[in-house]
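[1] no FASTA, just this:
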DNA sequence: ATTTAATGTCGTATAATTGCGACATACTAC
DNA sequence: GTAGTATGTCGCAATTATACGACATTAAAT
């Protein structure tokens, strides 16, 4: 019935959704945590630590790399992945802004009549 | 999470991924922002404000409701949706913890040799 | 009671994600 | 050179997400 396709999505909304999608799989969350915990960037050891095949882990790595959340550097035979902490900090701010905005007003009281 | 081998990941990782997935679509981000901006919870007006069909918006609403991020209250003919700000605050903390942990160490210097 | 309006659900078509084996590539070691 | 190792890419199958029209349901209005 209603056909009011007025507003498309803002770049801000798309950007947030893009990052959220990157975090929308436990394996990718685990990869980031792993890279954060290791002092040195590890490479294929990541695959060994996850309950997934090497191929699948590689795919997840490529996904994170495509968004520049992680970076890979070839070092002879192995590849060193590391977090892009600068970008992660930026992303953190974006998420914080989103959540702060969303929780600013107590829109609905617990049993409240807001309508 | 298709073919989910999610069981192998920690509950913390799964929880974060679950919420991230809910935010992994601009429409759902837009819905949350919309509900936050309105003083009163709106209902089908949400559909009118998004460049999607009413059916599709309804689906997105159900997805957010399934995670309890939003709540719907029937009020006669219309349905009032509102944010679960309490849960959103919790989720915000989870994300903050994740990002803080990920950005604590400067794993790789900008042009740095970390390996 | 009949009409109208607001919502949700169902079915379905298309696209995207997930997972992995098989193959290709690139580098090291001998 | 040949052999072995570490990675990434390709192709395929199964699953899930996205989008929307058609139908069902519910409540207000007449």
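    Everything's here; your move. Computed from a prediction, not measured in an experiment: that's the story for all the values here.

[2] drop to CA atoms for contacts and neighbour counts, all remaining ones
    Fine.

[3] which residues does the spatially most central residue of chain A contact?
    Centroid-nearest residue in chain A, with Cα atoms, centre = their mean: residue A:23, separated by 3.5 Å. With contact set as Cα atoms under 8 Å, 6 or more residues apart in numbering or on different chains, residue A:23 has these partners: A:29, B:16-17, B:20-21.

[4] what residues sit buried inside the longest helix along chain A?
    When chain A is parsed with DSSP state H, its longest helix is helix A:85-103. By 16 or more other Cα atoms under 10 Å in any protein chain shown, the buried positions in helix A:85-103 come out as A:85, A:88-89, A:91-92, A:94-96, A:98-100, A:102-103.

[5] JSON lines for these, including pLDDT and distance to chain B?
    Listed next are those as JSON lines, based on pLDDT from 0 to 100; distance: Cα to the nearest Cα, whole Å:
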{"residue": "A:85", "pLDDT": "95", "distance to chain B": "5"}
{"residue": "A:88", "pLDDT": "97", "distance to chain B": "7"}
{"residue": "A:89", "pLDDT": "97", "distance to chain B": "7"}
{"residue": "A:91", "pLDDT": "98", "distance to chain B": "8"}
{"residue": "A:92", "pLDDT": "98", "distance to chain B": "6"}
{"residue": "A:94", "pLDDT": "98", "distance to chain B": "11"}
{"residue": "A:95", "pLDDT": "98", "distance to chain B": "8"}
{"residue": "A:96", "pLDDT": "98", "distance to chain B": "7"}
{"residue": "A:98", "pLDDT": "98", "distance to chain B": "8"}
{"residue": "A:99", "pLDDT": "98", "distance to chain B": "6"}
{"residue": "A:100", "pLDDT": "97", "distance to chain B": "8"}
{"residue": "A:102", "pLDDT": "95", "distance to chain B": "5"}
{"residue": "A:103", "pLDDT": "93", "distance to chain B": "5"}
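
[6] closest to residue A:69 among the residues you listed?
    Residue A:69 has its nearest neighbour among the buried residues of helix A:85-103 in residue A:88, at 6.7 Å by Cα to Cα.

[7] correct me if wrong: the closest one contacts residue B:99.
    Yes. With contact defined as Cα atoms under 8 Å, residue A:88 counts as touching residue B:99 (7.0 Å).

[8] quick one on the thing from earlier: and the longest helix of chain A, how far out from the chain middle?
    Put simply, helix A:85-103 sits 11 Å off its chain's centre (Cα atoms, centre = their mean, to the nearest Å).

[9] check whether residue A:14 really touches residue B:26, as I assumed.
    Yes. With contacts counted by Cα under 8 Å, residue A:14 reaches residue B:26, the gap being 5.2 Å.

[10] okay, angle between the longest helix of chain A and helix B:85-103 too, please.
    Put simply, helix A:85-103 runs at 170 degrees to helix B:85-103, going by axes from the mean of the first three to the mean of the last three Cα atoms, to 10 degrees.

[11] just to revisit the earlier point, closest to residue B:60 out of the buried residues of helix A:85-103?
    Out of the buried residues of helix A:85-103, the member with the shortest distance to residue B:60 (by Cα to Cα) is residue A:102, at 17.3 Å.

[12] so who does the residue nearest to the closest one when sequence neighbours are not counted touch?
    The shortest distance from residue A:102 to any residue other than its chain neighbours is 5.1 Å, reached at residue B:36 (Cα to Cα, 6 or more residues apart in numbering or on different chains). Contacts for residue B:36 were tallied using Cα under 8 Å, 6+ apart; they are A:101-105, A:107, B:83.
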